[in-house]
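S.K.: Build me a structure from this.
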Amino acid sequence: MPSRFHHTAHPVEPAGTGLTLGHGAGRGPGATEVADGARDDFWLVHLRTGFAVLVVEALAIMTYLLATPDGPHRGTQWLMSAAALVVGVVMMLNAPAWAARRWWRVGFSLMWSLCAIGAVAAAAALDGGVGSPLMALLVLPVLYGALAAGPRATAACGLASVVAVIVVDIATSTPVAQADVFMRLAALVGVSLLALASSINRRRLERHERNLTHQLAEQATVDPLTGCWNRRVFHDRLHQEIERALRHHRSLSLAMIDIDRFKAVNDDYGHLVGDELLAWLGQALRRMARTTDVVGRIGGDEFLVLMPDTEPSAAVNQAIRIRHALPGNAPVPVTMSVGIAGLDPFEPTAEALLLAADASLYDIKRNGRDGIGLQEAHVPVTRRVG
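M.R.: Numbers count the residues shown, from 1 in each chain. Sure, this is the predicted structure:
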């Protein structure tokens, strides 16, 4: 019998592709890993940028100290800036590689931003207080937080910078005009509000892009009418499950389900009712399938249910349950034919499994329809089992 399933071989996906086991609609193969990898790369660059900014701040302070060697507490400030330089270089080259992959990377980034604010405030206090030019460096951690941190972390950086100005003003005895203090506070509050607004808007945009990406992924992997996996994704999963069954010496069964005389349904009731029937069947199959089963629509009115860790006899029982439960709830009176085959250990290929299930279904439809057929390995005759 000519096969309807000749197709280009699909490469076996590596373990852990991110395609969720089960029968519901969801992400396509590898979607989770691709998204996680992109986030890890982003945070790697972001954390390295933050420590690069710390290095720049340390060099800026050193340059200032060189230009003003007669200022107060220069020895202490040199030690602080040198320590910041060493820490910044070491962390830029080493820490982000592992921190970028951890769930606490946001808190890690916030902690270092707050440490940078404290270090700048301490350096400014040693240099004479709020009037020190070093106070201008407080805007950098706030702006850095706005690049990637959420609104709360960004607000925390802004608040910390404002508090730092107030604490430095109170803790130092160097007289500074209150107008100067007010203007520095106003500038920091303005920068903090702009950073917070940017963070909020960025989060909204990211949420919109995530939703859009999820919708596009569903359109690429899920049959829009029935909610089942489409042909491409189902074949990918089929190859993966065959590899898994062979690797762990487990059974694997495939059921091919077809609505009897579906063309007559379209002719008698119209294509809208036919589409309604297909959508109903797809939803019903996904609802009745087990969490480890994979349900796909391969075209027209034909559906496939892949059953991992299932012997053909157990697949027959599952098919009997589905076939007897569904027609009574269908939008129009219908019957269904089911062809079942198990993975042949002597020919464990997707092509052979599909051909066996297709042959079993064909024999049932040729011999009266409305039944379940089982084709066992190396047995050319299909048995009607339900």
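S.K.: any chance you could map the helices in the stretch 251-386 of the chain?
M.R.: In the stretch 251-386 of the chain, the segments counted as helices under DSSP state H, counting those that start in this stretch are 262-269, 271-288, 312-325, 350-366.
S.K.: right, so of those, which gets closest to residue 73?
M.R.: Across the helices of the stretch 251-386 of the chain, residue 73 has its closest neighbour in helix 271-288 (70.8 Å, Cβ to Cβ). From N, CA and C alone the C-beta is placed, and that goes for glycine too.
S.K.: Between helix 312-325 and the closest one, find me the angle.
M.R.: Helix 271-288 and helix 312-325 are oriented at 130 degrees to each other (axes from the mean of the first three to the mean of the last three Cα atoms, to 10 degrees).
S.K.: oh, and call the first residue 59 from now on, that's how I've got it
M.R.: Sure, I'll start counting at 59 from here, so that last one is helix 329-346.
S.K.: Against residue 241, how distant is residue 160?
M.R.: Using Cβ to Cβ, to the nearest Å, residue 160 is found at 40 Å from residue 241.
S.K.: So in the chain, which helix runs the longest?
M.R.: helix 236-279 (DSSP state H).
S.K.: distance between that one and the chain's centre?
M.R.: For helix 236-279, the separation from the chain centroid amounts to 22 Å (computed by Cα atoms, centre = their mean, to the nearest Å).
S.K.: and that helix, what does it pack onto?
M.R.: Helices and strands touching helix 236-279, by 3 or more Cβ pairs under 8 Å, 6 or more residues apart in numbering; DSSP states H and E, are helix 197-206, helix 209-229.
S.K.: which one of those is the most hemmed in?
M.R.: Across the helices and strands packed on helix 236-279, the average number of neighbours (mean count of other Cβ atoms under 10 Å) peaks for helix 197-206, which reaches a mean of 22.
S.K.: what comes into contact with that one?
M.R.: Contacts to helix 197-206, defined as Cβ atoms under 8 Å, 6 or more residues apart in numbering, come from residues 100-101, 104, 107-108, 111, 115, 164, 167-168, 171-172, 174-175, 178, 211-212, 214-216, 218-219, 245-246, 249-250, 252-254, 256-257, 260.
S.K.: before we move on, the earlier item: next secondary structure after the longest helix of the chain?
M.R.: Downstream of helix 236-279, the next assigned helix or strand under DSSP states H and E is helix 289-306.
S.K.: pLDDT (mean, whole number) over that following helix?
M.R.: Helix 289-306 shows a mean pLDDT of 92 in the predicted model.
S.K.: roughly how far apart are residue 351 and residue 359?
M.R.: Distance of residue 351 to residue 359, given as Cβ to Cβ: 19 Å.
S.K.: any idea how the protein splits into domains?
M.R.: 89-276, 289-442 (automatic domain parsing).
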